[in-house]
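J.: coords below, sequence missing:
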Ligand code: CLF
Ligand code: SF4
């Protein structure tokens, strides 16, 4: 076995644990890699009408997130509840990172921005409203924004995120506007647990406190979920994992939202820091470790399908998941008159249609070559891929600020999770301290596949036990990852397969 094949004993205790957690979660069905994971979302997994809704949505389909981009516009600042992980100075933390402030827009400004993005980012497929407050409570602004954009870009998918309290009041308009995707943040079913998360709600012109507030919130969330499902809207449920408060409870949430027809369940780690000024930040409530997050995901296996490729993006995020091009489209950079030119997006979609077919064929071929490569000690490998999208290995190592991690074994190649890091190259030169952090982020990874890498970082990674290869530059990810696996298994595995044939 190569020194770079996963050998748990050779790793530090921390990285061993981290790796075991990562692998256990995916093996147990908690990850996008597992057959139970809805976010894999291949056409054979669902009826054609549902596939038509998810195939271009980067959050609802793991495959689509290689090709399509979302953008958020921060038009809805008002909110009707208080979450202990939210500071209203910042954006809604139910669907974006806390402590990040977005540029607030009027609906007219938002429509102008969407058109500017659509003209420059052909991958754009979804317009989401995820705050800065609650998109359903601040409904008039959400509705006006969706209306303005849909009038000019009729094929854009409209997506909103809500705490659910006000959503039942607008169900007819939501359905009437062809909003196919709604995210509800549901952190609890039990009002006593809810009282530890929500100090109050504002409902029917009254502020209501404590467990009574959470009882009402819970009932409205379930009503919202039922109404959306009954009307054919795909619902993704977000749950913020708060250790010691709802960690043991989220399995029940998972089961219940599945029973009621939720399409996906996205369990997100609480991000809590004192400088965010949230109640949890100030009282020292910590977020979950990677182990705790994966343990909860693992415990949910067999329930509602789990989303694992969420990037907890900003309420004004623009681009593919994992990239944020929002700063290219701030109001001061927009032209006054924006006219939508559908040509770019149409050309891109035509290309993606063909590209997807080619990638699926390549993945099937890789699967055929990998399947059956069983040797007695066959490990499961974790391969990190530097990618700018398109399902290809197409990014320079030094430019990667995240790596997509794929798991490969005799069962084939599967997306597992992602790891963020600082990009190694800054201004055309590598920085040593950054490389150390990249190596830390890659702990437990067998091989890195990228489009290019310099000798110096390659040698440093090799010294850390990580192989880097640019041999599969611009190949499909499955092709490259499968080749790594086959090379690791070597002649013995090939012989084993031949023997068993
Ligand atoms: Fe935005 Fe959310 Fe729609 Fe996606 S995000 S409103 S469903 S278009 Fe996606 Fe971002 Fe995760 Fe949200 S990666 S935070 S799940
Ligand atoms: Fe903050 Fe969103 Fe919670 Fe409202 S629903 S308090 S904006 S996190």
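T.: Great, that's in hand. Keep in mind the model is a prediction, meaning the values are calculated, not measured. Residues are numbered from 1 along each chain as shown. Ligands and ions are numbered 1, 2, ... in the order given.
J.: Can you give me the buried ones in the longest helix that the chain contains?
T.: Longest helix in the chain by number of residues (criterion: DSSP state H): helix 343-370. For helix 343-370, a neighbour-count test (16 or more other Cβ atoms under 10 Å) marks 345, 348-349, 352, 355-356, 359-360, 362-363, 366, 369-370 as buried. C-beta: built from backbone N, CA, C; applies to glycine.
J.: And for stretch 404-421?
T.: 404-410, 412-419, 421.
J.: near ligand 2, from these?
T.: By Cβ under 6 Å from any ligand atom, no member of the buried residues of stretch 404-421 lies near ligand 2.
J.: Give me the subset of the residues you listed lying in strands.
T.: 404-409, 412-419 (DSSP state E).
J.: Just put those in JSON lines and tack on pLDDT.
T.: Converted to JSON lines, those look like this (pLDDT from 0 to 100):
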{"residue": "404", "pLDDT": "93"}
{"residue": "405", "pLDDT": "92"}
{"residue": "406", "pLDDT": "92"}
{"residue": "407", "pLDDT": "89"}
{"residue": "408", "pLDDT": "89"}
{"residue": "409", "pLDDT": "85"}
{"residue": "412", "pLDDT": "84"}
{"residue": "413", "pLDDT": "88"}
{"residue": "414", "pLDDT": "86"}
{"residue": "415", "pLDDT": "87"}
{"residue": "416", "pLDDT": "85"}
{"residue": "417", "pLDDT": "83"}
{"residue": "418", "pLDDT": "85"}
{"residue": "419", "pLDDT": "87"}
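J.: Burial check on residue 304, number of neighbours?
T.: Residue 304: 26 surrounding residues under other Cβ atoms under 10 Å.
J.: same thing with residue 176?
T.: When neighbours are counted by other Cβ under 10 Å, residue 176 comes out with 11.
J.: swap in the one 3 residues further on?
T.: Residues within reach of residue 179, counting by other Cβ under 10 Å, total 25.
J.: Please name the residues that touch the nearest residue to it once chain neighbours are set aside.
T.: Spatial nearest neighbour of residue 179, excluding adjacent residues (Cβ to Cβ, 6 or more residues apart in numbering): residue 158 at 4.6 Å. Residues in contact with residue 158 (Cβ atoms under 8 Å, 6 or more residues apart in numbering) are 126, 127, 146, 149, 150, 177, 178, 179, 180, 181.
J.: most surrounded residue in those?
T.: residue 146 (27 neighbours).
J.: That residue belongs to a strand, doesn't it?
T.: No: under DSSP: H, G, I helix; E, B strand; the rest coil, residue 146 sits outside any strand and is assigned helix.
J.: wait, which of the buried residues of stretch 404-421 is closest to residue 445?
T.: Distance to residue 445 across the buried residues of stretch 404-421 (Cβ to Cβ) is lowest for residue 405, with 6.8 Å.
J.: so that closest one bridges to which residues?
T.: Taking DSSP bridges as the rule, residue 405 bridges to residue 384, residue 417.
J.: ok, it to ligand 1 distance?
T.: Relative to ligand 1, residue 405 is positioned 17 Å away (Cβ to the nearest ligand atom, to the nearest Å).
J.: thought that residue was touching residue 414?
T.: No: under the criterion of Cβ atoms under 8 Å, residue 405 makes no contact with residue 414, lying 10.0 Å away.
J.: still on that earlier bit, and the angle from the longest helix of the chain to strand 412-420?
T.: Comparing the axes of helix 343-370 and strand 412-420 via axes from the mean of the first three to the mean of the last three Cα atoms, to 10 degrees yields an angle of 120 degrees.
J.: how about whichever residue of the stretch 351-500 of the chain sits closest to ligand 2, what does it touch?
T.: Here the residue of the stretch 351-500 of the chain nearest ligand 2 is residue 420; by Cβ to the nearest ligand atom that distance is 22.0 Å. Residues in contact with residue 420 (Cβ under 8 Å, 6+ apart) are 401, 402, 441.
J.: Check residue 441 too.
T.: So residue 441 contacts 403, 419, 420, 421 (Cβ under 8 Å, 6+ apart).
J.: Output the residues you listed in CSV; the columns should cover distance to residue 163.
T.: What follows is the contacts of residue 441, written out as CSV (distance: Cβ to Cβ, whole Å):
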residue, distance to residue 163
403, 33
419, 30
420, 27
421, 32
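J.: Could you look up the SS state of the residue of the stretch 301-450 of the chain found nearest ligand 2?
T.: The stretch 301-450 of the chain approaches ligand 2 most closely through residue 315 (9.1 Å), counting by Cβ to the nearest ligand atom. Residue 315 falls in the coil class when you classify it by three-state DSSP.
J.: so it sits right up against residue 134, yeah?
T.: No: taking contacts as Cβ under 8 Å, residue 315 lies outside contact range of residue 134: 11.3 Å.
J.: If you count surrounding residues, which of the two has more?
T.: residue 315 (32 against 28).
J.: hang on, the earlier thing: quick check, nearest of the ones in strands among the buried residues of stretch 404-421 to ligand 1?
T.: residue 418 (10.8 Å).
J.: from what I can see the closest one touches residue 323, true?
T.: No: in this structure, residue 418 is not within contact of residue 323 by Cβ under 8 Å, at 12.0 Å.
J.: Any idea which residue is closest to the centre of this structure?
T.: Centroid-nearest residue in the chain, with Cα atoms, centre = their mean: residue 310, separated by 1.5 Å.
J.: surely that one meets residue 59?
T.: Yes: using Cβ under 8 Å, residue 310 makes contact with residue 59 at a distance of 7.0 Å.
J.: what do the two both touch?
T.: Common neighbours of residue 310 and residue 59 (Cβ under 8 Å, 6+ apart) are residue 321.
J.: So whichever residue of the stretch 51-200 of the chain sits closest to ligand 1 versus residue 168, what's the distance?
T.: Closest residue of the stretch 51-200 of the chain to ligand 1, Cβ to the nearest ligand atom: residue 128 (2.8 Å). Separation of residue 128 from residue 168 (Cβ to Cβ, to the nearest Å): 20 Å.
J.: Likewise for residue 142?
T.: Taking Cβ to Cβ, one finds residue 142 at 15 Å from residue 168.
J.: Ramachandran angles for the residue of the stretch 151-300 of the chain found nearest ligand 2?
T.: Residue nearest to ligand 2 within the stretch 151-300 of the chain: residue 163 (4.1 Å; Cβ to the nearest ligand atom). Phi and psi for residue 163, reported as degrees, to the nearest 10, are phi -80, psi -10.
J.: That one contacts residue 94, doesn't it?
T.: Yes: the criterion here is Cβ under 8 Å, and residue 163 meets it with residue 94 at 6.3 Å.
J.: so what sits against both of the two?
T.: 83, 185.
J.: contacting residues around the residue nearest to the centre of the chain?
T.: Residue 310 touches 59, 266, 268, 321, counting by Cβ under 8 Å, 6+ apart.
J.: Can I get the buried ones among those as something I can paste into PyMOL?
T.: Buried residues within those, by 16+ other Cβ under 10 Å, are selected in PyMOL with:
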select buried, resi 59+266+268+321
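J.: what's the most distant pair in the contacts of residue 310?
T.: Between any two of the contacts of residue 310 (Cβ to Cβ), the greatest distance is 13.5 Å, for 268 and 321.
J.: Looking at residue 128 and residue 168, which one has more neighbours?
T.: Shown here are residue 128 and residue 168; by other Cβ under 10 Å, residue 128 has more neighbours (24 against 19).
J.: what's across from the more buried one in the sheet?
T.: Using DSSP bridges, the beta-bridge partners of residue 128 come out as residue 72, residue 159.
J.: Ligand 2 versus that one, what's the distance?
T.: Residue 128 is 14 Å from ligand 2, by Cβ to the nearest ligand atom.
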